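> Sequence below, structure please.
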Amino acid sequence: MKKFLIFFAIGSLLLVAQSIWSVFFHTRSAPEFVFILVVFSGIYHKPFGGMILAFILGFMVDSLTGLLPGLFASIYTLTFVFCRLAGRRFYMRSYPFQVLIVLATTLLAKILEYIVLNWLAERGHPGLAFFWPMWPLFVWNALAAIPLIGWLERTEQRLSDRYMHHVFEHRGFI
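Now for the predicted structure:
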């Protein structure tokens with residue numbers, strides 16, 4: 001529960017950073033820090049808690065974008081499940097593979113978002129213009145994934161019981 005709350009707080013801060021980035025640089029193709037956290041959560045976290053975290057963070061992104069209620073909540077949940085299933089098949093602890101999985105899931109999420117928005121729109125949705133210039137989003141997500149996943153791994157390690165036991169033992173508390 002402690003790990004869930006800490007990663008929820010991290011996700012909330014990343015959502016604020018993502019929103020500030022978009023407003024500050026006046027761009028649609030800002031790095032999706034929360035999406036990278038969902039991919040990381042799919043690789044490292046337990047199925048139930050990580051899926052709940054992905055859904056809640058997606059719902060928070062939905063509340064900021066206002067495109068379609070539940071769109072990002074469902075996409076983030078599906079992304080978590082995809083990363084969880086891929087994590088069982090592949091060795092995903094290396095940085096190059098983590099960047100590749102961020103790129104692949106970004107592509108799948110944007111295609112799914114495009115299909116849903118295009119299917120629901122009768123005469124075309126004005127938000128669909130984001131689909132063709134996706135390469136800046138891929139570049140931003142790849143560049144942001146490298147330090148962000150490293151930082152999240154260190155945070156995950158610090159939250160583990162073995163690490164805390166080692167720290168307390170080393171400092172003479174145990």
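
> what's the most centrally placed residue in the chain in contact with, if anything?
Centroid-nearest residue in the chain, with C-alpha atoms, centre = their mean: Phe35, separated by 2.2 Å. By C-beta atoms under 8 Å, 6 or more residues apart in numbering, the residues touching Phe35 are Tyr76, Thr79, Val102, Thr105, Thr106, Ala109, Asn141. Every residue, glycine included, has its C-beta placed from N, CA and C.

> 7 Å - rerun?
Contacts for Phe35 (C-beta atoms under 7 Å, 6 or more residues apart in numbering) come out as Thr106, Ala109.

> Now for it, which secondary structure element holds it?
helix 33-44 (DSSP states H and E).

> Following element in sequence after that helix, please.
Per DSSP H and E, helix 33-44 leads on to helix 47-65 as the next helix or strand towards the C-terminus.

> For the helix or strand just after that next one, the averaged confidence score.
Next along the chain after helix 47-65, taking DSSP H and E as the criterion, comes helix 71-89. Taken as a whole, helix 71-89 has an average pLDDT of 86.

> Next: stretch 120-134.
Mean pLDDT, computed over stretch 120-134, is 58.

> Next, the distance between the ends of it.
Start-to-end span of stretch 120-134 (C-alpha to C-alpha, to the nearest Å) is 21 Å.

> Okay, and the closest residue to Ile56 other than its chain neighbours sits in which element?
Distances taken as C-beta to C-beta, 6 or more residues apart in numbering put Phe8 closest to Ile56, at 6.8 Å, once the chain neighbours are dropped. Phe8 belongs to helix 2-25 when assigned by DSSP H and E.

> Can you give the distance of that helix from its chain's centre?
Chain-centre distance of helix 2-25: 10 Å, with C-alpha atoms, centre = their mean, to the nearest Å.

> Can you list the buried residues in that helix?
Using 16 or more other C-beta atoms under 10 Å as the test for burial, helix 2-25 gives Lys3, Phe4, Phe7, Phe8, Ile10, Gly11, Leu14, Leu15, Gln18, Ser19, Trp21, Ser22.
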